[in-house]
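**Student:** Prediction below, plus the sequence it came from.
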Amino acid sequence: MMTMKRIIAAALVLSALVSCKTGTKTLLPNVSGKAGEVIVVMDKNAWDGDLGSKVRDVLAGDCPYLSQKEPLYNLVNVSPTGFADLFKVHRNVVIFNMDPTLSDSGILYRSDIWARPQCVIQLSARDILEAENIFSENAERILGTLEQAERDRVIANSKLYENRSLAEAVKEMVGGSPHFPSGYKLKKKTDDFIWIADEKQYSMQGVFVYKFPASQNENFTVENIIAHRNQVLKDNVPGMFEGTYMTTSDYIAPTVEFIRFRGRQFAQTRGFWEVHNDFMGGPFVSHSFYGPDARDIVVVEAWVYAPRYDKRQYLRQVESVIYSFEWEK
């Protein structure tokens, strides 16, 4: 009897120790705030001056390839003295700590400090001028960190509420798939083309997955990517009326950049789509990469149609879905 009591007591102590070491984050509250929103903790004088202007130029600049102006992020300025618990649980927090007595200056990138899943960026400087320099030198990484935090939240939600049947259909064709959340449905499937979409009354978030034979060279030039895109969409995505079909708009030329993301490399193309001989259109972003045997080019494309609404969040959501692509293991 005494032995059993000792075993139970030891188990309780061990459980308490494990909870102390691993349970802290599980007790954090869920983040607050809207998607695409950032709390900027900065003294009002700095916010109204050159430093605040630089921050707004970078974090609230125009979101690229949208049909109307929308900021990359909606910024909310909070003074250091007003940075209370209400703001500490926000999803994205950028803190400017300016103190002439600091021994070190720089930036810390942290996660899940007061809530989860949270992104906290803290910039420490001795004065405003040093803060401006540090921010300018690290602007690209700051933007990338915020973007990845927003993307990871969508991906986590997609995995939590995943429609697994869609992933299986895509894997069958190309050997891997994004994670599609509930609400997305299969609209069309052929041997080399799949159309999946989340359709609402006045909006559509769509994903195309298609493949075509790789050539000896120039697989990832913007000209080659768009030429194949236009042919695939002409063959597979008709418009509402006879003689209409989806294509690439040349109103603003598409651009390509090469991305390395969590072990995968792809050519990311941004541009506008339109319907030939009709007035529908919107933004798209696609990822082009070699298939498992390097014989085919696989393209996973996200696009949005939402004529009544701002499109930043619609595009960011569906773009995050294609970023979740994983090869079958």
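**Tutor:** Good, I have the coordinates.
**Student:** low pLDDT regions in the protein?
**Tutor:** Where the chain drops to pLDDT under 70, the residues are 1-26.
**Student:** can you give me the helices in it?
**Tutor:** Taking DSSP state H to define them, one finds helices in the chain at 2-22, 44-47, 50-59, 85-88, 128-137, 139-160, 164-174, 222-236, 312-323.
**Student:** longest strand of the protein?
**Tutor:** When the chain is parsed with DSSP state E, its longest strand is strand 264-275.
**Student:** so what strands line up beside it?
**Tutor:** Each strand that pairs with strand 264-275, with its direction, by DSSP bridges: strand 246-248 (antiparallel), strand 255-261 (antiparallel), strand 281-290 (antiparallel).
**Student:** Kindly format the C-alpha coordinates of that strand as PDB.
**Tutor:** What follows is the C-alpha trace of strand 264-275 in PDB, where atoms were taken according to Å, rounded to 0.1, in the frame of the first residue of the first chain:
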ATOM      1  CA  ARG A 264      10.900  24.200 -51.600                       C
ATOM      2  CA  GLN A 265      11.900  26.500 -54.500                       C
ATOM      3  CA  PHE A 266       9.500  28.000 -57.000                       C
ATOM      4  CA  ALA A 267       8.900  30.900 -59.300                       C
ATOM      5  CA  GLN A 268       6.200  33.200 -57.900                       C
ATOM      6  CA  THR A 269       4.200  35.100 -60.500                       C
ATOM      7  CA  ARG A 270       1.900  38.000 -59.700                       C
ATOM      8  CA  GLY A 271      -0.500  39.700 -62.000                       C
ATOM      9  CA  PHE A 272      -4.100  40.300 -63.000                       C
ATOM     10  CA  TRP A 273      -6.500  37.900 -64.700                       C
ATOM     11  CA  GLU A 274      -9.400  39.000 -66.800                       C
ATOM     12  CA  VAL A 275     -12.100  37.300 -68.900                       C
END
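**Student:** And for it, what's in contact with it?
**Tutor:** Surrounding strand 264-275, the residues in contact under the criterion CB atoms under 8 Å, 6 or more residues apart in numbering are 64-65, 67, 220, 222, 225-226, 229, 233, 239-240, 244-249, 251-259, 280-289, 303, 325. To be clear about C-beta, it is placed using only N, CA and C from the backbone, and glycine gets the same treatment.
**Student:** Go again with 7 Å.
**Tutor:** 64-65, 220, 222, 225, 239, 244-249, 251-252, 254-259, 280-289, 303 (CB atoms under 7 Å, 6 or more residues apart in numbering).
**Student:** how near is the residue nearest the centre of the chain to C119?
**Tutor:** Among the residues of the chain, the smallest C-alpha distance to the mean C-alpha position (CA atoms, centre = their mean) belongs to R151, namely 2.9 Å. Spatial separation of R151 from C119 under the definition CB to CB, to the nearest Å is 11 Å.
**Student:** next one: I107
**Tutor:** For I107, the distance to C119 under the criterion CB to CB works out to 13 Å.
**Student:** Neighbour count: the two, which is higher?
**Tutor:** Relative neighbour count places C119 above the other of I107 and C119, with 24 against 17, counting by other CB atoms under 10 Å.
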